[in-house]
Every structure is written in C-alpha cells, then in structure tokens.
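[1] Coordinates for the following, if possible.
(2 chains)
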Amino acid sequence: EPEVTQTPSHQVTQMGQEVILRCVPISNHLYFYWYRQILGQKVEFLVSFYNNEISEKSEIFDDQFSVERPDGSNFTLKIRSTKLEDSAMYFCASSEFGTLAKNIQYFGAGTRLSVL
Amino acid sequence: GIQVEQSPPDLILQEGANSTLRCNFSDSVNNLQWFHQNPWGQLINLFYIPSGTKQNGRLSATTVATERYSLLYISSSQTTDSGVYFCAVELYSGGGADGLTFGKGTHLIIQP
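    Have a look, this model is predicted:
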C-alpha cells in the first residue's frame, strides 16, 4: 500500500539553527500538508500546498516557516531559526483530492524535532 | 474556527470489553476522519466518514452530520487497541486544500 514517507525520523538541533524536514507524498496525490503535535497535545494544522503554492495556512505558520516542492517527489518544511517551542512531532500528509471531493488525508510516521 | 470536542478524555478497560468514543463538532464539515495514534506516535487512518456508518472488523463508526457528532465503536478490545484516538474534521470552505482540525483525543488503555 502506498504511504507517505518522512525523513529523518528524529532531528536534534541547536536553537537558532535552520532545519529542513522532508516528505515524499503518495505519488498520485496533488495536495500536501504539514501538521505538528507538541508532546501530549493535539495535532495542529500548519499549511496546505497545491499546484506549487500555499493553499491555506494557520496562525502558527509564521515567517519562520516555509514550504517547497523542490522536485516531482519531495515536499519540504523549513524552519529558518528554530526556537525551543518548535520542539514537536511534525507530520506530513497528502491527499488525492481537495476540499470539494473525497479528501482523505494520509499521514506519514512523523519527524520528531528536538530543539536544544 | 470550528470546535472539535472528544469524550471521554481517558478510558481504561479490560481486554474483551466494548467501548464508544464520541466526537462533537460545531459546524458543517466536508470531511471527518478517525485516527489511532499508536505508542510510537504514528497516526493510523481508521475511517473517512463525513456521514453514515462504516465497519472494519471490530471497529465501526457512525457520523450524524445533521446533529454534528460522530461515534467510534470498538468491540472485543485487545491490548493492541491502546493508544490515543483522534477525530479530525475539515470545514467546508468552497475549495482548495484545507487542513484538518483535530480534537484533543481519547486516551484508551486496554488492560490484559
């Protein structure tokens, strides 16, 4: 069964450093998403991406964050200058269709980001 | 924004018991998904169920969209059912790719 793949599974970084989290969505999917989950809390939406541009973003997704689809298979989330409060599990998701159709989102296994 | 409330927040059961988890949401939705987060943190899709009833083995789900709630039923619980169960909804906004709004989850512990 096709799956969303995320790398690395765990990333440790120093405060102020830039990190790039990588995702390979399911191959025929057109819509891509990033979510985060702070330890012990609920999953929160960050951003959605379609046709090489941001479709929606939440208040969490400020200027420190950016997303990119650098080639035909990868989808990345960059945090420019990490803060302690960025420590969380980051999930990538993808869906075949958008809001107006059967929009089942499939999630990757997550990248646990630890900012020291 | 849309509110998603899950109950109960915690549930401890013996192996073999049945359980019902509830999800209430505050607005009309285009998408509703149930997930199981296992002890390794993975989010496993259980159901896509914006309305109606579905069954998959020991699990079933019902969404009554007009009354804005969904129920997840787990029968004959096994220890591997332990974890956090999340309900997540997508508000209908007329297009694009909207994010899911998650509830806080129900933490289920199945004891042998």
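[2] Which secondary structure element is home to the residue nearest the centre of chain A?
    Centroid-nearest residue in chain A: residue A:34, 2.8 Å away (criterion: Cα atoms, centre = their mean). Assigned by DSSP states H and E, residue A:34 falls within strand A:31-37.
[3] Then residue A:49?
    With DSSP H and E as criterion, residue A:49 is part of strand A:44-50.
[4] quick one: average confidence on that strand?
    Averaged over strand A:44-50, pLDDT sits at 94.
[5] Stretch A:104-116 now?
    For stretch A:104-116, the per-residue pLDDT averages 95.
[6] got the contact list for the residue of chain B found nearest chain A?
    In chain B, no residue comes nearer to chain A than residue B:99, which is 2.9 Å away by Cβ to the nearest Cβ. No exception for glycine: its C-beta is placed from N, CA and C like everyone else's. Contacts for residue B:99 (Cβ atoms under 8 Å, 6 or more residues apart in numbering or on different chains) come out as A:33, A:35, A:45, A:46, A:47, A:48, A:56, A:58, B:90.
[7] Go again with 7 Å.
    Contact analysis of residue B:99 by Cβ atoms under 7 Å, 6 or more residues apart in numbering or on different chains lists A:33, A:45, A:48, A:56, A:58.
[8] Residue B:68 now?
    So residue B:68 contacts B:24, B:25, B:26 (Cβ under 7 Å, 6+ apart).
[9] per-residue confidence at the second one?
    Okay, so that is residue B:25. Taking residue B:25 on its own, its pLDDT is 96.
[10] I'd say it and residue B:2 touch.
    Yes. The criterion here is Cβ atoms under 7 Å, and residue B:25 meets it with residue B:2 at 6.2 Å.
[11] overlap in contacts of the two?
    residue B:89.
[12] More neighbours: which of those two?
    residue B:25 (23 against 14; other Cβ atoms under 10 Å in any protein chain shown).
[13] List the backbone torsions phi and psi for the more buried one.
    Dihedral angles phi and psi of residue B:25 (degrees, to the nearest 10) take the values phi -130, psi 150.
[14] tell me the secondary structure for the residue of chain B closest to chain A?
    Of the three states, residue B:99 takes coil according to DSSP: H, G, I helix; E, B strand; the rest coil.
[15] thinking again about what came up before, which neighbours does the strand holding residue A:49 have in its sheet, and in what orientation?
    Using DSSP bridges, strand A:44-50 pairs in its sheet with strand A:31-37 (antiparallel), strand A:53-57 (antiparallel).
[16] Write out the residues of chain B neighbouring chain A.
    Residues of chain B found near chain A (Cβ under 7 Å from any Cβ of the partner chain) are B:30-31, B:33, B:41-43, B:45, B:48, B:86, B:90, B:92-93, B:95-105.
[17] ok, now with 8 Å
    B:30-31, B:33, B:35, B:40-43, B:45, B:48, B:86, B:88, B:90, B:92-105 (Cβ under 8 Å from any Cβ of the partner chain).
[18] a helix runs through residue B:66, doesn't it?
    Yes. Residue B:66 sits within a helix when classified using three-state DSSP.
[19] Let me see the contact set for it.
    Not one residue lies near residue B:66 by Cβ under 8 Å, 6+ apart.
[20] Okay, it and residue B:42: tell me how far apart.
    33 Å (Cβ to Cβ, to the nearest Å).
[21] what's the pLDDT at residue A:96?
    88.
[22] hmm, back to that, out of the contacts of residue B:99, grab the one that's most surrounded.
    That'd be residue A:33 among those, by other Cβ under 10 Å, with 29 neighbours.
[23] can you pull up the bridge partners for that residue?
    Bridge pairing for residue A:33 - DSSP bridges - gives residue A:48, residue A:93.
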